[in-house]
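Student: please work out how this folds:
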Amino acid sequence: MSINPSKANSSTTKTFLTSLITNLGILAVEVGAFTVLKQRLGRIYTPRTYLPPPDKRSNELPPGVWRWIPATLNSPAEEIVHKNGLDAYLFLRFLKFLIAIFGVFWISTWIVLLPVEVAGVDTQNRTGLDKYQWGNVASQPERYAAHIVMVYLLTCFVLYMVRREMFQFVHMRHQFLISKSHSRLAQARTVLITNLPDELANDHDLRQFCSFVPGGVERIWIYCDSRDLNKKFEARQKACKTLESASSKLIRAATKEWARRQKAQHKLAKKVRKPKDVEKAERYAQEDGFDANALIAPPPSQEFLGDLVPENKRPKHRLGVLGKVGLGRKVDTIEWCKEEISRLNNEIEEGRRTLGERKSLGSAFVQCNLQIGAHVLAQCVSYHEPLLMGDKYIEVSPKDMIWSNLDDNAYETRARYIVSLAATVGLIIAWAAPVAFVGTISNIDGLCSRLPWVRWVCDAPTPVPGIISGVLPPVFLALLMIVLPFILRALAWFECIPRYSFLEVSVYKRYYAFLVIHGFLIVTLSSAITSTITDIITNPTTAVENLSRRLPDASIFFLTFIVTQGLTGAASALIQLGSLILHFIRKWFLGRTPRQAYGVTFLMPSANFGTVLPRISLLATIGLVYSVLSPIINGLATVAFFLLFIAWKFLLTQVFDQPTESETGGQYFYLALSNIFVGLYIEQIGLACLFFLNAPSAPKTSLAGGILMIVLLIVTVLFQILMHRSFYPISEYLPMSLATKQMTERYKKQLTTTQYILPEEEFDLFDRDRLRGILRRRTKFVRPVLGRRARPELKPDADDQERLKPGKSSDDKADATKRRSGSGDSLHSTAVTASSSSVSATPNPELPDIAPPQPMDEEEEEYLDEHAFDHPSTYVAQPWIWLPKDTLGLSGVLLREFKAAGVEASDVGSSMDTRGTVEVERNPPDEEWAGGHDR
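Tutor: Residues are numbered from 1 along each chain as shown. This next block holds a predicted model:
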């Protein structure tokens, strides 16, 4: 059976309908399952209603099949800023922005363009979706005037919407930065400076260098060479994790062995013959092997543990590199870990005593007294030589640091960036082959009419060709793109990006570029070239004209792609199939230790916007490009974004918990709005090319249309340049006008409460008396951390008072700083006196097992640990070995054994039942309790 081109074209409707029906079926099944499971599995679908601290919890949604939808839509999105950060809120705002854009596109193009492409046009050879395409009016080129007018109007509408959203974004980011909940955080006042010159790589000179900063500098941390400590620290962390796993395995084996023995004795008890006297009873029990004392557990001891789990059944592992392949020396895991941790504890303690003698690695953290001081420092051109002190990062959080990426100099960092960029380009080129294959499959009908050896696909029964060309290509493309972020993240890590949040921003940029090139451009071109391959070979002179007509036909593939991402993507996000499966197997495979059980029981998932937003932006790009070429796509895009908005708003209000340290303050939103211009550029360039390619048929109309598209392209480019120059500076940093306004309001409020009237001409926000007040308020409250010695109440000492007086020389300031820093063994200096111990994280046996946090006044600045920006290896204590408390009391035996070896351990908040299942009631006992976790 032969396939002619007209039949191949008409089958595109079958392809789309097959994909639509398939995805509607998946949507119905997954949403139906979600509505049933939502009320039964709160841990999966509504964890934010009870797991976070009370002030971070969400309201419960009403029960019912559909009532959760209006409740989700009507819930105030602004609450997400407080509960999940500004990035999460702006992600939803971006989806609303796309719904508004494509909603207008949908109405306008369907009213104007669809009649133009159908009315009075010969469509005998076109059926279904082929009736509503750009190529239908090729015989009447004057009708393209409607397309040109719509492109101009819709582009102007998009530019207006982008400008409006930029204003809203900048306003929200500023309000977020100066809000009390954020501005009091230490990260709001801390700047990371890399590539320090040697003459500034010490506290005194760097403090003197930063003396121009408004409000002055409070603390400085110099990042010094502690690589030997880092290796030992990582080895200790690994050994502690191994010991926890082996200990839990040992207790589980003992518990199951005792349960097996009890079960055997109970069976024997039922078989014991009923005697008539005591002597016969004892003789019968001895003959049957029954021992009544075996049902009573003896006191917990090493002997009892050894009886339940003999030496040959204790956990063991092999050492060294060869141990990974089963060739190393086999040792008892628990005994080896005890000795290893004890040895590493002593060596780390010894290494920490020489911290002050170590060499600087060229990075420093500067904590300013005022938030505006940090923003001023971050914006200044810092050094007179190229590359030095060129990279400065604001809003730095200790948990966000990639410590291993801080020890490279400026030239090595630039070299790594070039290598990473070259590798990304090479990956883009290498990725073209599989993506082009996917694009070829999407146009299998066209191949059947030209290549006889693939006709068997089109001769298959009716559903098969539609599935192969309509369902499989989007699925294969999605699988290819799932693997890609892991490779891009490795390249970004190699680039020596010092922050996890910035690493994800880098992944966002690369991933979006990949998606546009491979998920859109190559698929479009390969599909069009495939359909004209015969013409290119047999009649090259007409191939260009035919190519111009075939390029818009690739829209069918993207119609199915948007249907797949919109319908199935939204439903998959709601059902959370991966989390659902892990929920039922986690206690057996992922919750073998208390720490693992805590992770699977209480820790909520989070969204990675670095990989989620590029996919959303790709859908927006495709929709914009084909908004005029194939107006059908506008309605599908609107529905897809609406479904995604419902799903993601539910997830961000009921399920996800975004880490505070990964907050970028809206940088993803700025990039997403910039990506809108990519869609406009491709649309305008594509339309210009189509007009010029059609010039042989209609010279005047085509040339006019192409020139108008180029003019619109230039206008769009100039608009983006203007927007970037206008909004980027104020979106990146806190403006002086807002910072001083906020400080003025707080200052006047303090003056009002103290009944002190300050003359207008003497008003100075940065005077030394005010700075002394800041120091007093900052050191008023101290937050004790479990597992660390409680710090005394800190007050500015005499040296601080002298340093803040006018006329003090820099040498005197340096002497005061040295006296405040104690022995000088710490890696940092501080403006307030703290504990002189460089290892203040040593567990204190007098502390209770659970330490509730003390409340902090919202007006007070966050208290920052004096070691916050030191490498964890220089101060973090050994993590407590968290054991499950079993019914036999064997965890107590191991606790005494570990503590005797100098290894801290605890079984608070964890238990193991007779089946060996671990349950936890709180976070690890050596971590601060933050509330929440109601069960």
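Student: the strands in the stretch 301-450 of the chain, which residues?
Tutor: 316-318, 330-332, 360-368, 392-394 (DSSP state E, counting those that start in this stretch).
Student: need those strands in TSV with mean pLDDT, distance to Glu244 and mean neighbour count, can you?
Tutor: Where you see a C-beta, it was placed from the backbone N, CA and C, and this is true even at glycine. Formatted as TSV, the strands of the stretch 301-450 of the chain follow (pLDDT from 0 to 100; distance: least, CB to CB, whole Å; neighbours: other CB atoms under 10 Å):
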stretch	mean pLDDT	distance to Glu244	mean neighbour count
strand 316-318	89	14	16
strand 330-332	90	16	14
strand 360-368	91	32	23
strand 392-394	92	35	19
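Student: do you know which of those lies nearest Asp225?
Tutor: strand 360-368 (5.5 Å; CB to CB).
Student: need the contact partners of the closest one.
Tutor: With contact meaning CB atoms under 8 Å, 6 or more residues apart in numbering, strand 360-368 is reached by 186, 189-196, 198, 201-202, 206, 210, 213, 215-225, 374, 377, 396, 406-407, 409, 498, 828, 864, 869.
Student: quick one on the thing from earlier: so for Ala423, which of the strands of the stretch 301-450 of the chain sits nearest?
Tutor: Nearest of those to Ala423, taken as CB to CB: strand 392-394 at 24.0 Å.
Student: which other helices and strands contact that closest one?
Tutor: In terms of contacts (3 or more CB pairs under 8 Å, 6 or more residues apart in numbering; DSSP states H and E), strand 392-394 is packed against strand 190-194, helix 371-379.
Student: so which of those is the most surrounded?
Tutor: strand 190-194 (a mean of 25; mean count of other CB atoms under 10 Å).
Student: ok, for Arg489, nearest residue in space, not its chain neighbours?
Tutor: Residue nearest to Arg489 in three dimensions, not counting chain neighbours: Val507, with 5.3 Å by CB to CB, 6 or more residues apart in numbering.
Student: one more: Ser245?
Tutor: Ser245's closest residue in space is Thr593 (CB to CB, 6+ apart), at 5.5 Å.
Student: break this protein down into its domains, please.
Tutor: As given by automatic domain parsing, the domain ranges for the chain are 5-183+420-732, 229-351+879-920.
Student: so which of those is the most packed in?
Tutor: Of all these, as judged by average neighbours under mean count of other CB under 10 Å, the leader is domain 5-183+420-732 with a mean of 19.
Student: mean confidence for that one?
Tutor: Across domain 5-183+420-732, the average pLDDT comes to 84.
Student: off-centre distance for that domain?
Tutor: The chain centre lies 19 Å from the centre of domain 5-183+420-732; the measure is CA atoms, centre = their mean, to the nearest Å.
Student: got a list of what the spatially most central residue of the chain touches?
Tutor: Centroid check for the chain by CA atoms, centre = their mean gives Asn608 as the closest residue, at 3.0 Å. Contacts for Asn608 (CB under 8 Å, 6+ apart) come out as Glu504.
Student: circling back: make CSV from the strands of the stretch 301-450 of the chain and add distance to Trp648 to it.
Tutor: Shown next, in CSV, are the strands of the stretch 301-450 of the chain (distance: least, CB to CB, whole Å):
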stretch, distance to Trp648
strand 316-318, 43
strand 330-332, 49
strand 360-368, 35
strand 392-394, 28
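Student: determine which of the ones you listed approaches Ala430 most closely.
Tutor: Of these, the one closest to Ala430 (CB to CB) turns out to be strand 392-394, at 32.6 Å.
Student: so what strands line up beside the closest one?
Tutor: Next to strand 392-394 in the sheet, as set by DSSP bridges, lie strand 190-194 (antiparallel).
Student: can you list contacts of the strand it pairs with?
Tutor: Residues outside strand 190-194 that contact it (CB under 8 Å, 6+ apart): 362-368, 374, 377-378, 382, 389, 391-396, 401, 406, 410, 413, 498-499, 869.
Student: which residues does Ile707 contact?
Tutor: Applying CB under 8 Å, 6+ apart, no residues contact Ile707.
Student: okay, angle between the helix or strand hosting it and helix 371-379 too, please.
Tutor: For Ile707, the enclosing helix or strand under DSSP states H and E is helix 699-732. If you take axes from the mean of the first three to the mean of the last three CA atoms, to 10 degrees, helix 699-732 sits at 130 degrees to helix 371-379.
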